[in-house]
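Participant: Only the shape, not the letters, is given here:
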C-alpha cells in the first residue's frame, strides 16, 4: 500500500504545480468558444482524473513486479506534460506552446493505455475518460489560441 501513497503523492505534486498558475484575469479576458465548460467544472473533473491516474500507475507498477517499464515511462511523461501545461498556458500566457504540450500529452496518454494493457486492463481503462477530456481540452486550447492571436 505504500507504493499507492507514492503514486498519489506524485499526482498530488503535479496537481499542486498546476494550481500555482490559476486562470486569473488574463484567461477571463480571452475570447473563448461557446462550448467552453464553466470554470466550476474543472476542479471536480481534474480531481477524479488525478485519482484515476494514480491508481492506474500503481496498478501497472504492482503488476509489473515493481519494475519500471514502457507503460510507466509513458505514465511519468504524461504526468510531467500535464504539470507543464498550466505553466505554459496560464503562467506564460502561451496557448501556442501549450498546444504543443497538450498534443504530446495526448500521445503519451494513448501510449500508456496501449502499454498498460499488458499489465492491467483496468489501468488502461482508467485513462479512457482522461484521454477523452484531454482531447477535448486540446480542441479548446486550439480554439482559444486561434481566437486570440498574439499582439
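Facilitator: Great, that's in hand. The structure displayed is predicted, hence computed values, not measured ones.

Participant: which residue packs closest to residue 105, ignoring adjacent ones?
Facilitator: residue 81 (4.1 Å; C-beta to C-beta, 6 or more residues apart in numbering). Placement of C-beta: from N, CA and C, glycine included.

Participant: which strands and helices sit next to the helix or strand hosting that neighbour?
Facilitator: Assigned by DSSP states H and E, residue 81 belongs to helix 70-86. Applying 3 or more C-beta pairs under 8 Å, 6 or more residues apart in numbering; DSSP states H and E, we find helix 70-86 packed against helix 2-19, helix 39-63, helix 95-116.

Participant: mind listing what's buried in the first one?
Facilitator: By 16 or more other C-beta atoms under 10 Å, the buried positions in helix 2-19 come out as 7, 8, 10, 11, 14, 15, 18.

Participant: Could you give the number of residues near the residue lying closest to residue 49 once chain neighbours are set aside?
Facilitator: In space, and not counting its chain neighbours, residue 49 is closest to residue 130: 4.8 Å by C-beta to C-beta, 6+ apart. Neighbour count for residue 130, taken as other C-beta atoms under 10 Å: 24.

Participant: Kindly provide the distance from residue 130 to residue 76.
Facilitator: For residue 130, the distance to residue 76 equals 15 Å [C-beta to C-beta, to the nearest Å].

Participant: circling back to that earlier point, I'd like the buried residues of helix 2-19 as TSV, with distance to residue 100 and pLDDT appended.
Facilitator: Converted to TSV, those look like this (distance: C-beta to C-beta, whole Å; pLDDT from 0 to 100):
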residue	distance to residue 100	pLDDT
7	27	97
8	29	97
10	23	97
11	23	97
14	18	95
15	22	95
18	17	86
